[in-house]
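S.K.: Test case, fold it:
(one chain, ligands or ions: 1)
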Amino acid sequence: MPVDPTTEDDAKVCRHASPGRLFIVSGPSGAGKGTLVRALLDRVPGVWLSVSATTRSPRPGEVEGVDYVFLPAEEFDRLIAADGLLEWAEVHGNRYGTLRDPVEERLERGEIVVLEIDPQGAAQVKERMPESVLVFIEPPNFDELRNRLVKRGSETPEQIERRLRTAREELAIAGTYDYVVINDDVEQATEELAAIVTTCARQRHSGQKD
Ligand code: 5GP
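M.R.: Got it, this is the predicted structure:
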């Protein structure tokens, strides 16, 4: 069940938000996390999106340091060994991880930080930082999810089937998240995500004054 960010349930979640206000936007690939997070950045000023490290190769148009920090496997191994990642996971055959330093620096400065990561990574961060707010982005249904992955054109049919299998497993955990946003209509879903972030940020802020 999606949670209305204006209800009392919501206030309970927000009251536990971290001083730096860390939001984890997760869900199956193809659910539209990337689109919604970009729209969130346009709509809510002062939100910083973490740029992940990955061992996958850049897709056409992707920019180093903007979309991802693209690393060879050995460098990714070195980062893990040096505890340089807040979380990491293997997703569809490639590794992805959140660079610890930039996230912690911004949280210490009291900024609003957003991670757009897969559910395995989301669970790791929630465990390490229980005050973080977990938002699950749910695709409206499987046909729609398949259509989106096909339309994106960046995966082979085998890769698409693999992503859909993972998505089925991931959908089962939506109920454990603080919020669920159904990405049926991008405009409405963006509004819900923005409401969650601004409501939690505001409540956190007034909580600090108490
Ligand atoms: P893509 O290859 O399509 O850019 O991303 C594949 C999946 O990896 C997406 O579900 C995306 O959210 C996830 N992902 C991106 N960055 C990270 C990260 O830093 N950590 C984890 N755990 N997953 C990530």
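
S.K.: Which elements pack onto the longest helix along the chain?
M.R.: Taking DSSP state H as the criterion, the chain has its longest helix at helix 186-209. Applying 3 or more CB pairs under 8 Å, 6 or more residues apart in numbering; DSSP states H and E, one finds that helix 186-209 contacts helix 8-15, strand 22-26, helix 33-43, strand 112-116, strand 133-138, strand 179-182. In this view, the C-beta of every residue, glycine as well, is placed from N, C-alpha and C.

S.K.: Let me know the angle separating it from strand 112-116.
M.R.: Helix 186-209 and strand 112-116 are oriented at 140 degrees to each other (axes from the mean of the first three to the mean of the last three CA atoms, to 10 degrees).

S.K.: What residues sit buried inside helix 186-209?
M.R.: 189-201, 203-204 (16 or more other CB atoms under 10 Å).

S.K.: cool, stretch 37-50 as well?
M.R.: Result for stretch 37-50 [16+ other CB under 10 Å]: buried residues V37, A39, L40, V44, V47, W48, L49, S50.

S.K.: these two touch, right, A201 and R21?
M.R.: Yes - counting by CB atoms under 8 Å, A201 does reach R21; the two are 5.3 Å apart.

S.K.: joint contacts of those two?
M.R.: Residues touching both A201 and R21 by CB atoms under 8 Å, 6 or more residues apart in numbering: I112.

S.K.: Any idea how far the longest helix of the chain is from the middle of the chain?
M.R.: 15 Å (CA atoms, centre = their mean, to the nearest Å).

S.K.: ok, back up a step: so of the buried residues of stretch 37-50, which two are at opposite extremes in space?
M.R.: For those, the farthest-apart pair by CB to CB is A39 and S50; their separation is 16.9 Å.

S.K.: give me the low-pLDDT residue ranges for this protein?
M.R.: 1-19, 204-210 (pLDDT under 70).

S.K.: Close to the ligand: what parts of it are there?
M.R.: 29, 33, 52, 56, 87, 89, 91, 96-98, 116-118, 120-121 (CB under 6 Å from any ligand atom).

S.K.: residues touching S29, list them.
M.R.: When contacts are counted by CB under 8 Å, 6+ apart, S29 touches V91, H92, D118, L149, R163, T166, A167.

S.K.: Please convert the residues you listed to CSV, extending it with neighbour count.
M.R.: Below are the contacts of S29 laid out as CSV (neighbours: other CB atoms under 10 Å):
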residue, neighbour count
V91, 18
H92, 13
D118, 21
L149, 22
R163, 19
T166, 18
A167, 21
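
S.K.: Count the neighbours of the closest residue to the ligand within the chain for me.
M.R.: Distances between the chain and the ligand by CB to the nearest ligand atom are smallest at G121, namely 2.4 Å. Number of residues near G121 (other CB atoms under 10 Å) recorded here: 23.
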